[in-house]
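Asks: Return a 3D structure for these sequence lines:
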Amino acid sequence: MGRPIYLDYAATTPVDPRVAEVMAGHLGPQGVFGNPSSRSHLYGRRAEAAVERARAQVAALLNCDAGEILWTSGATESNNLVIKGLARAGGRREGHLVTCATEHRAVLEPCRGLERQGYRVTYLAPASDGTVSARQLEQALTSDTFLVSIAQVNSETGVTQDLDALGAVARAHGVPLHSDAAQGVGKLPLDLSRVPVDLVSISAHKVYGPKGAGALYLRSASGLSLEPLIHGGGQERGMRSGTVATHQVVGLGEALRLAGADLLAEAERVRDLRGRLWRGIAEVPGVWLNGDAALRAPGILNVSFEGIEAEALITAVPDLAVSSGSACSSGSGEASHVLRALGRSEALARAAIRYSLGRFTTAAEVDEAIRLTVENVARLRARAAGAPVRAAP
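Replies: Numbering: from 1, shown residues only. Got it, this is the predicted structure:
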């Protein structure tokens with residue numbers, strides 16, 4: 001192939017050259033470099049206009065009002081702002097929230113932090129396909145539930161949740177629904193004029209924008225107020241102080257504009273490539289598909305190869321960039337909490353590989369990834385000389 005194959009788009013995407021070009025125009029003495037909060041001079045007003053155009057671009061993709069978009073450093077900060085900020089809003093010091101056992105650690109860790117402070121958290125157990133049901137959610141809600149947080153797309157398996165159904169239940173009980181949509185926004189439609197979600201977290205680096213930029217959607221009609229994590233000059237409606245990084249948010253806005261212009265066609269192209277990849281490795285004995293086969297984001301494929309550990313396969317194939325879990329936990333040495341929640345054994349959880357395809361993936365790269373995977377799985381099993389593997393049911 002001539003260069004390493006990158007199939008780790010769920011971890012981070014390269015910045016699209018078109019995005020980089022727009023960002024470059026907001027750096028340097030000839031660019032729009034002013035502080036967007038400094039309205040007393042032309043440089044600041046130009047920067048403010050650029051920031052507001054970007055806000056409108058994000059809102060256009062989500063079909064919401066631009067005033068409902070708040071800038072953050074990424075989905076991790078957005079998740080923390082929602083969970084901690086809502087827990088402490090209005091002086092609240094106790095209460096109940098509901099999430100799922102397969103959430104990203106950027107949701108689970110803030111929840112655990114609140115538990116240590118006396119809040120109660122229900123962690124919904126998903127079905128073996130990775131989904132949670134509206135009935136499960138309804139049964140978990142209590143009179144003092146103040147938040148439900150369920151990701152649109154799971155970061156490891158790519159499994160999607162039915163936000164329409166979950167949101168309807170939450171709304172019927174007067175509880176706001178938050179969704180970490182870092183893996184979904186720009187790749188799957190999310191029409192917030194229709195879907196009953198009140199808060200949505202976004203990261204630019206998942207959609208061909210820059211690292212360190214993100215956004216939080218906060219539905220104005222919800223009447224929600226968040227206690228800020230960062231205090232200072234009162235930017236972003238007082239909920240996220242700090243000078244807005246103009247070039248970063250402009251990059252996020254342009255990235256989502258480009259994604260929206262070709263969303264359905266690109267999703268279909270990537271979905272076809274994922275199907276090609278799965279067909280190529282599905283004949284390997286003892287391969288397990290993790291998560292529902294159909295209810296998943298277009299580019300993510302998570303499989304376990306019985307009898308080997310994921311890290312051994314990753315090490316054996318240095319020319320193929322894949323991961324053994326989400327980027328934030330793949331180096332922890334622990335078996336995936338997501339796959340364990342789906343009922344996978346410790347061994348199969350440690351054997352899981354996440355392939356994630358994206359905008360720049362080609363069919364030739366997929367075919368080479370299949371070849372490298374099949375050959376090295378066989379070689380590692382032969383070296384281990386373990387018990388024969390059985391076909392997955």
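Asks: Only C-alpha atoms from now on, for both contacts and neighbour counts.
Replies: Fine.
Asks: now do the same end-to-end measure for stretch 215-234.
Replies: Its start and end residues considered, stretch 215-234 measures 16 Å (C-alpha to C-alpha, to the nearest Å).
Asks: buried residues in that stretch?
Replies: Within stretch 215-234, the residues that qualify as buried are 215-219, 225-228, counting by 16 or more other C-alpha atoms under 10 Å.
Asks: Please tell me how far that stretch is from the chain's geometric centre.
Replies: Its chain's C-alpha centre and that of stretch 215-234 lie 20 Å apart, by C-alpha atoms, centre = their mean, to the nearest Å.
Asks: Now that stretch: average pLDDT?
Replies: What stretch 215-234 shows for mean pLDDT is 96.
Asks: Which residues does that stretch contact?
Replies: Among residues not part of stretch 215-234, those counted as contacts by C-alpha atoms under 8 Å, 6 or more residues apart in numbering are 68-75, 78, 81-82, 84-86, 88-90, 176, 198-203, 238-242.
Asks: Could you identify the buried members of the residues you listed?
Replies: Using 16+ other C-alpha under 10 Å, the buried members of the contacts of stretch 215-234 are 68-75, 78, 81-82, 84-86, 88, 176, 198-203, 238-242.
Asks: in the stretch 101-250 of the chain, which spans are strands?
Replies: 120-124, 145-149, 177-180, 199-203, 214-218 (DSSP state E, counting those that start in this stretch).
Asks: Could you dump those strands into a markdown table with distance to Leu289 added?
Replies: Output for the strands of the stretch 101-250 of the chain, formatted as a markdown table (distance: least, C-alpha to C-alpha, whole Å):
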| stretch | distance to Leu289 |
| --- | --- |
| strand 120-124 | 22 |
| strand 145-149 | 26 |
| strand 177-180 | 23 |
| strand 199-203 | 27 |
| strand 214-218 | 31 |
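Asks: which stretch among the ones you listed comes nearest Arg3?
Replies: Of all these, strand 199-203 sits nearest to Arg3, with 27.5 Å by C-alpha to C-alpha.
Asks: Now tell me what touches the closest one from outside.
Replies: So strand 199-203 is in contact with 73-75, 78-79, 82, 176-182, 185, 211-219, going by C-alpha under 8 Å, 6+ apart.
Asks: ditto for stretch 83-92
Replies: By C-alpha under 8 Å, 6+ apart, stretch 83-92 touches 93-95, 107, 110-111, 114, 146-147, 224-229.
Asks: For Val250, which non-adjacent residue is closest in space?
Replies: Ala54 (5.2 Å; C-alpha to C-alpha, 6 or more residues apart in numbering).
Asks: which ones are touching the one you found?
Replies: 249-254 are the contacts of Ala54 under C-alpha under 8 Å, 6+ apart.
Asks: can we see that at 10 Å?
Replies: 48, 60, 66, 69, 246-257 (C-alpha atoms under 10 Å, 6 or more residues apart in numbering).
Asks: top of the residues you listed by neighbour count?
Replies: Leu252 (33 neighbours; other C-alpha atoms under 10 Å).
Asks: That one reaches Leu61, doesn't it?
Replies: No: the pair Leu252 / Leu61 is not scored as a contact, 11.6 Å apart, by C-alpha atoms under 10 Å.
Asks: what's the overlap in contacts for the two?
Replies: Contacts common to Leu252 and Leu61, judged by C-alpha under 10 Å, 6+ apart, are Leu258.
Asks: What's the end-to-end length of stretch 193-204?
Replies: 22 Å.
Asks: can you tell me the average pLDDT over it?
Replies: Mean predicted lDDT for stretch 193-204 stands at 98.
Asks: distance between it and the chain's centre?
Replies: 12 Å.
Asks: do you know how far the closest residue to Arg350 other than its chain neighbours is from Val287?
Replies: Once flanking residues are discounted, Arg350 sits nearest to Ala335: 5.0 Å by C-alpha to C-alpha, 6+ apart. Plainly put, Ala335 is 17 Å away from Val287 if you go by C-alpha to C-alpha.
Asks: Many thanks, I have nothing further to ask.
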